[in-house]
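[1] No letters, just coordinates:
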């Protein structure tokens, strides 16, 4: 086969392929035409809710006793008896004798003081008799001497001696009272209803006066120290009123495993200085009867233990007009991005009253049920066009 014939065959094959390709292209379906994606950002919105009633103030703090004292004897001696309740975790009542010291030396001291007192009473009787005799003798002398009689001095009439005897008697009476007081102090009693936190007292132990041997804290009430920002503290009514009768109520919550206990309390006071580290105000919430279940229908739960971390909800103020928003609606700088009817953004500055985990309470130029942006964009300007799931077409800025 000649070279020319080979070229013709190749050209024919190539022409056939080109014709087949052209046929396939002509028979292919025309591609669907789509509009380019919108450049207007898509946002999620939520409605503004009107606030009703008091704004709750949430916080947390550590439970501490209202009163806690060191347990120490006021006199020294050897321990001869210890109450079984005097142990860590033991409960005691006011006036209960916790332990006794050997009282023999103090009983002897009372006898000695009483004997000295009786001797001083005799000395006083002698001084009174001597003063009476001296006065009688002076009267007889003055009657004989007439106008020449010199006036009697106090010493002649035994007045200083009599006053000294009376003073000595009072001193011995004080000594008797002191001896009896020391004897009474050989019995160490509980100052209030409480729980023993710690103790180190054993029978036969030699005690030294004023050396602590344990600690007791009161059980009639406990306190929860709640640090709050000044904006949150300002929502509590009567916080700075001294001796006010109206106190904001509070609920204290604490968890023990899968049991959540609740106790009712009230705001007792607030410290008049800011914490230097956190710049917060420490509000003291007092909880009466922390070892009792508040609701008899509830399952019994452990007491509100000292040292427990607890959550606190305080009844705050009730402003005349405020709004509730989702936490995501609050933007940096305390701004809210509202959505106008024409699909553009309206930036509204607000005053934050309270921040919760999922909700914020604010005041400002908002309207109930007004949509606010809660997601989709990180930056916005006033008048910026956005679109939502309800829009069928991109929003157009108002002219």
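    Yep, it's here. A quick note: this is a predicted structure, and the numbers were derived from the prediction, not measured. Numbers count the residues shown, from 1 in each chain.

[2] C-alpha from now on. contacts and neighbour counts both.
    Fine.

[3] Just give me how far the lengthiest strand in the chain sits from the chain centre.
    For the chain, the strand that runs over the most residues, judged by DSSP state E, is strand 259-274. Relative to its chain's centre, strand 259-274 lies at 5 Å (C-alpha atoms, centre = their mean, to the nearest Å).

[4] Over to stretch 317-324?
    Using C-alpha atoms, centre = their mean, the offset of stretch 317-324 from its chain centre is 25 Å.

[5] Outside of it itself, list whatever touches it.
    With contacts defined as C-alpha atoms under 8 Å, 6 or more residues apart in numbering, stretch 317-324 is touched by 48-56, 235-237, 359-364, 366, 368.

[6] among the residues you listed, which ones are buried?
    The neighbour count (16 or more other C-alpha atoms under 10 Å) marks 48-51, 55-56, 235-237, 360-363, 366 as buried among those.

[7] Distance check, residue 219 against residue 70.
    Using C-alpha to C-alpha, to the nearest Å, residue 219 is found at 15 Å from residue 70.

[8] Who has more neighbours out of these two?
    residue 219 (22 against 16; other C-alpha atoms under 10 Å).

[9] Ramachandran angles for the spatially closest residue to the more buried one that is not a sequence neighbour?
    Spatial nearest neighbour of residue 219, excluding adjacent residues (C-alpha to C-alpha, 6 or more residues apart in numbering): residue 194 at 4.8 Å. Torsion angles at residue 194 (phi, psi; degrees, to the nearest 10) stand at phi -160, psi -170.

[10] go on, residue 144?
    Phi and psi for residue 144, reported as degrees, to the nearest 10, are phi -70, psi -40.

[11] and it, what pLDDT?
    Turning to residue 144, the model gives it a pLDDT of 81.

[12] Check the burial of it by counting its neighbours.
    Considering only other C-alpha under 10 Å, residue 144 is surrounded by 11 other residues.

[13] Low-confidence ranges, the stretch 151-300 of the chain, go.
    Applying pLDDT under 70 to the stretch 151-300 of the chain flags residues 242-245, 293-300.

[14] all strands in it, in order from the N-terminus.
    Under the criterion DSSP state E, counting those that start in this stretch, strands of the stretch 151-300 of the chain are mapped to 187-189, 194-199, 206-207, 214-218, 221-228, 249-256, 259-274, 281-288.

[15] Give me the contacts around the longest strand of the chain.
    239-240, 247-255, 280-288, 290, 293-294, 301-302, 314.

[16] Please check these and keep the buried ones.
    239, 247-255, 280-288, 290, 293, 314.

[17] Which helix or strand lies directly C-terminal to the host helix or strand of residue 20?
    Using DSSP states H and E, residue 20 falls within helix 3-27. Per DSSP H and E, the first helix or strand lying C-terminal to helix 3-27 is strand 44-47.

[18] Doesn't residue 123 lie inside a helix?
    Yes: counting by DSSP: H, G, I helix; E, B strand; the rest coil, residue 123 falls inside a helix.

[19] in the sheet, who's paired with the residue nearest the centre of the chain?
    For the chain, residue 225 is the residue whose C-alpha lies nearest the centre (C-alpha atoms, centre = their mean; 1.7 Å). Counting by DSSP bridges, residue 225 is bridged to residue 62, residue 284.

[20] ok, now how distant is it from residue 121?
    Counting by C-alpha to C-alpha, the gap from residue 225 to residue 121 is 59 Å.

[21] Helices of the stretch 51-200 of the chain, residue ranges please.
    Taking DSSP state H, counting those that start in this stretch to define them, one finds helices in the stretch 51-200 of the chain at 104-145, 159-184.

[22] returning to what we had before: compute the number of surrounding residues for the residue nearest to residue 219.
    So residue 194, with other C-alpha under 10 Å, has 23 neighbours.

[23] Surely it touches residue 221?
    No: Residue 194 is beyond contact range of residue 221, at 9.9 Å (criterion: C-alpha atoms under 8 Å).

[24] hang on, the earlier thing: specify the stretch among the strands of the stretch 151-300 of the chain that is closest to residue 387.
    strand 221-228 (39.2 Å; C-alpha to C-alpha).

[25] What are the contacting residues of that closest one?
    59-66, 280-290, 306, 310, 312.

[26] And that strand, how far out from the chain middle?
    Mean-position distance between strand 221-228 and its chain equals 1 Å (C-alpha atoms, centre = their mean).

[27] Now do it against strand 194-199, angle only.
    On the basis of axes from the mean of the first three to the mean of the last three C-alpha atoms, to 10 degrees, strand 221-228 is oriented at 80 degrees to strand 194-199.

[28] can you give me the end-to-end distance of stretch 228-241?
    18 Å.

[29] Return the subset of the contacts of stretch 317-324 lying in strands.
    Per DSSP E, the subset of the contacts of stretch 317-324 in strands is 49, 50, 56, 359, 360, 361, 362, 363.

[30] Relative to residue 161, which of those is nearest.
    The nearest one, if we look at those relative to residue 161 and count by C-alpha to C-alpha, is residue 56, at 76.6 Å.

[31] Isn't the closest one up against residue 353?
    No: with contact defined as C-alpha under 8 Å, residue 56 does not reach residue 353; the gap is 10.1 Å.

[32] and the gap between residue 251 and residue 289?
    Residue 251 is 13 Å from residue 289, by C-alpha to C-alpha.

[33] wait, I meant residue 331
    43 Å.

[34] From the buried ones among the contacts of stretch 317-324, which one has the minimum pLDDT?
    Among the buried ones among the contacts of stretch 317-324, residue 237 has the weakest pLDDT, 81.

[35] Name all residues that make contact with that residue.
    With C-alpha under 8 Å, 6+ apart, residue 237 has these contacts: 247, 248, 316, 317.

[36] do that again at 7 Å, thanks
    With contacts defined as C-alpha atoms under 7 Å, 6 or more residues apart in numbering, the neighbours of residue 237 are 248, 316, 317.

[37] so the first one touches residue 315, yeah?
    Yes: the criterion here is C-alpha atoms under 7 Å, and residue 248 meets it with residue 315 at 5.9 Å.

[38] Reformat the ones in strands among the contacts of stretch 317-324 as a markdown table; add distance to residue 207.
    Shown next, in a markdown table, are the ones in strands among the contacts of stretch 317-324 (distance: C-alpha to C-alpha, whole Å):
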| residue | distance to residue 207 |
| --- | --- |
| 49 | 68 |
| 50 | 67 |
| 56 | 52 |
| 359 | 59 |
| 360 | 59 |
| 361 | 60 |
| 362 | 62 |
| 363 | 64 |
